[in-house]
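K.L.:
any chance you could fold what I've pasted below:
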Amino acid sequence: MTTTTMTMAKALNEGLRRAMEKNKKVLLMGEDIGKLGGVFRITDGLQKDFGEDRVIDAPLGESGIVGTAVGLAIRGYRTVCEIQFDGFVYPAFDQIVSQVAKLHKRSDGAYTMGLVIRLPFQGGIGAIEHHSESPEAYFAQTAGLRVVSCSTPNDAYWMIQQSIEHDDPIIFCEPKSRYWEKGEVNTDTPPRGLFEASVLREGTDVTVIAYGGTVKTCLRAADTAALEGTSIEVIDARSVAPLDFETMKVSVEKTGRLVVVQEAPHSASIGSEIISELTQRCFYSMQAPGIVVGGYHVPYPPTRIEEDYRPTVDRILDGVDRVIGFGK
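P.N.:
As a prediction, the model looks like this:
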């Protein structure tokens with residue numbers, strides 16, 4: 001087994017490089033991704049090594065980027081589109097939900113849509129609205145799209161490659177606050193399937209489910225809770241469309257309690273869906289209603305108060321205390 005330590009940004013870069021080496025029909029397209037290497041330097045060095053025909057600096061037009069990728073997908077290319085920031089995806093929304101999500105079905109299977117839309121999402125970098133948003137629920141609700149999110153360098157390395165190889169269009173959500181954090185990457189074997197959840201920490205009292213940048217915060221909360229005698233099981237959902245309810249169900253049936261953590265607002269969210277579905281599947285095992293710890297139903301706030309908006313260890317532990325204390 002070959003392992004190396006790298007940041008999530010570097011892991012994504014290496015995953016893209018490996019995908020491009022394996023398949024000459026893999027293209028990258030986005031704003032400033034070539035000579036600059038992208039705002040977060042995820043594509044650094046790739047244009048130099050693969051040329052301007054495969055790493056394409058696109059005009060400032062998200063709709064044009066995704067629309068061009070649709071045409072390329074029809075011709076058998078696999079394009080990875082970079083949306084510079086999460087809040088910039090909305091000009092491409094019509095292309096994504098009207099064309100990308102539906103062409104496979106509309107063509108009765110004649111066309112696949114093997115394209116990936118990379119979406120740096122969530123906050124934590126001291127930026128403002130349109131640069132720190134969590135729009136994943138828009139896409140998870142759209143039939144025909146797959147939505148995944150990495151939380152570690154190892155997952156980033158493998159999930160980007162698995163997404164590129166998949167025949168369905170994938171919204172690939174990258175927690176920008178974790179780009180510079182390091183971790184071990186096994187470059188020989190993928191850890192699991194693209195749409196499988198992962199139990200990162202076993203516990204007996206409460207199941208806590210998260211994805212993206214909030215996963216690490218939940219692990220920190222579990223460490224703190226253990227000092228007080230509370231055992232938290234932490235699950236990284238990894239995929240939010242589809243959701244791996246079987247892995248989640250086993251955990252909730254064991255603990256009887258559920259907290260879902262996300263940066264997106266609670267209303268009509270991934271967390272709401274997880275709680276709704278698991279309440280039905282685990283009704284006779286649950287000892288308390290599930291709750292969501294998330295962002296508030298307001299536009300993303302100014303930098304000076306963003307940590308009051310995002311889930312913190314204290315807010316997660318408050319949620320844990322509420323489900324443990326239910327009915328007492």
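K.L.:
tell me the helix or strand right after whichever strand or helix holds residue 79.
P.N.:
Counting by DSSP states H and E, the element that carries residue 79 is strand 78-82. Next helix or strand after strand 78-82 toward the C-terminus (DSSP H and E): helix 93-95.
K.L.:
and after that following helix, which helix or strand comes next?
P.N.:
Remark: after helix 93-95, the chain's next helix or strand is helix 103-106, criterion DSSP H and E.
K.L.:
from the contact counts, what lies against that following helix?
P.N.:
helix 62-74 (3 or more CB pairs under 8 Å, 6 or more residues apart in numbering; DSSP states H and E). (Each C-beta comes from the backbone N, C-alpha and C, glycine too.)
K.L.:
backbone dihedrals for the closest residue to residue 14 other than its chain neighbours, please?
P.N.:
Residue nearest to residue 14 in three dimensions, not counting chain neighbours: residue 157, with 6.1 Å by CB to CB, 6 or more residues apart in numbering. Phi and psi for residue 157, reported as degrees, to the nearest 10, are phi -60, psi -50.
K.L.:
then residue 28?
P.N.:
phi -120, psi 140.
K.L.:
across the sheet, point out what pairs with it.
P.N.:
Beta bridges link residue 28 to residue 55, residue 80 when assigned by DSSP bridges.
K.L.:
pretty sure it contacts residue 45?
P.N.:
No - in this structure residue 28 lies outside contact range of residue 45 using CB atoms under 8 Å: 11.8 Å.
K.L.:
show me which of these two is the more surrounded one.
P.N.:
More crowded of residue 28 and residue 45, by other CB atoms under 10 Å: residue 28, with 26 against 12.
K.L.:
and the more buried one, how far from residue 204?
P.N.:
Remark: distance between residue 28 and residue 204 (CB to CB, to the nearest Å) = 45 Å.
K.L.:
pLDDT of the strand or helix carrying residue 246, averaged?
P.N.:
Assigned by DSSP H and E, residue 246 belongs to helix 245-255. What helix 245-255 shows for mean pLDDT is 98.
K.L.:
equivalent analysis for stretch 97-115, please.
P.N.:
Averaged over stretch 97-115, pLDDT sits at 93.
K.L.:
now do the same end-to-end measure for it.
P.N.:
14 Å (CA to CA, to the nearest Å).
K.L.:
in it, what's buried?
P.N.:
Applying a neighbour-count criterion of 16 or more other CB atoms under 10 Å, the buried positions in stretch 97-115 are 97, 99-104, 111-115.
K.L.:
one more: stretch 314-328?
P.N.:
Residues of stretch 314-328 classed as buried: 315-317, 319-320, 323-324 (neighbour count, 16+ other CB under 10 Å).
K.L.:
need the longest strand for the protein.
P.N.:
In terms of residue count, the longest strand belonging to the chain (DSSP state E) is strand 258-265.
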